[in-house]
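# this is a predicted model, with the sequence first.
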Amino acid sequence: MTILFVTGTGTEIGKTVVTAAVAAAARGRSVAVLKPAQTGLAPGEHGDVAEVARLAGPVTAVELARFPEPLAPATAARRAAMTPVRPQDVADAAQKLATEHDLVLVEGAGGLLVRFDDEGGTLAEAAALLGAPMLVVAPAGLGTLNATALTAEALRARGLQCAGVVVGSWPAAPGLAARCNLTDLPVVAGAPLLGAVPEGAGALSPADFRDRATSWLAPRLGGGWTPPR
């Protein structure tokens, strides 16, 4: 997978930390991380690509646009009277980075169908332009099966490949629902479960994060993690 898109079943569920873990696990490979649209931050503030670089180590970090209000990119761009990011912009940037790096990770904003522009362009459309697979980040607990199933259905409807699912914040003391979801998530997604990043992983020191990242991810993502039986 030269280009891998990372989406979530919602917002604030661990996409950035999962992206950092995948970047950290790609040891010996050159990695670029692309954030098409960062919202809710002023110029100069620490954004998602900067956080990935802090945790994962040396990566090429690229942010195409930044909008000040914490809204969907299309809405934030319109309210700020700024030019929105288009799916073709994302595809062009990712393709260029892929000529210079072994792996390009494209981290979306919120869920799969969050709008980038007022014409309805989404992360899914950008991935479709490249024929690139999508990694889905999902929460651990109740409600995740429905949200994951809907995301997977949307991917299939667009002819996009779901590379797999990663739990974005695995609790230290998982309840019954979370434990059962490890079995059920790959079923509803129609794709393999490729990891579970522990809650609080983003608070680790960068050295500890890099040392442990491979233990959270399946071999397909460069790790050694296997789902508990």
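Yep, that arrived. Numbers count the residues shown, from 1 in each chain.
# look up phi and psi at the residue sitting furthest away from the middle of the chain.
Going by Cα atoms, centre = their mean, the residue of the chain most distant from its centre is residue 81, 27.1 Å out. Backbone torsions for residue 81, taken as degrees, to the nearest 10, come to phi 50, psi 40.
# try residue 205
phi -70, psi 150.
# residue 121 reaches residue 91, doesn't it?
No - with contacts counted by Cβ atoms under 8 Å, residue 121 stays clear of residue 91, the gap being 10.5 Å. From N, CA and C alone the C-beta is placed, and that goes for glycine too.
# could you give the number of residues near residue 130?
19 (other Cβ atoms under 10 Å).
# residue contacts, it?
3, 91, 94, 95 (Cβ atoms under 8 Å, 6 or more residues apart in numbering).
# just the closest of those residues to residue 117, please.
Using Cβ to Cβ, the shortest approach to residue 117 within these belongs to residue 91, at 13.6 Å.
# gap between the closest one and residue 128?
Per Cβ to Cβ, to the nearest Å, residue 91 is found 9 Å from residue 128.
# those two: who's more crowded?
When residue 91 and residue 128 are compared for neighbours, residue 91 comes out ahead with 21 against 18, by other Cβ under 10 Å.
# so that one versus residue 67, what's the distance?
Distance from residue 91 to residue 67, counting by Cβ to Cβ: 20 Å.
# just residue 184 next, same as before
With distances taken as Cβ to Cβ, residue 184 is found 36 Å from residue 67.
# compare neighbour counts for the two and give me the winner.
residue 67 (24 against 15).
# residues in contact with that one?
So residue 67 contacts 37, 38, 39, 40, 73, 76, 77, 79, 80, 82 (Cβ under 8 Å, 6+ apart).
# check residue 141 too.
Neighbour list for residue 141: 171, 175, 177, 178, 181 [criterion: Cβ under 8 Å, 6+ apart].
# ok, now with 6 Å
Contact partners of residue 141, counting by Cβ atoms under 6 Å, 6 or more residues apart in numbering, are 177, 178.
# same thing with residue 52?
19, 20, 23, 33.
# try it again with 7 Å
If a contact means Cβ atoms under 7 Å, 6 or more residues apart in numbering, then residue 52 has 16, 19, 20, 23, 33, 59, 61 as its contacts.
# in space, what's closest to it - neighbours in sequence excluded?
residue 20 (4.4 Å; Cβ to Cβ, 6 or more residues apart in numbering).
# thank you, goodbye.
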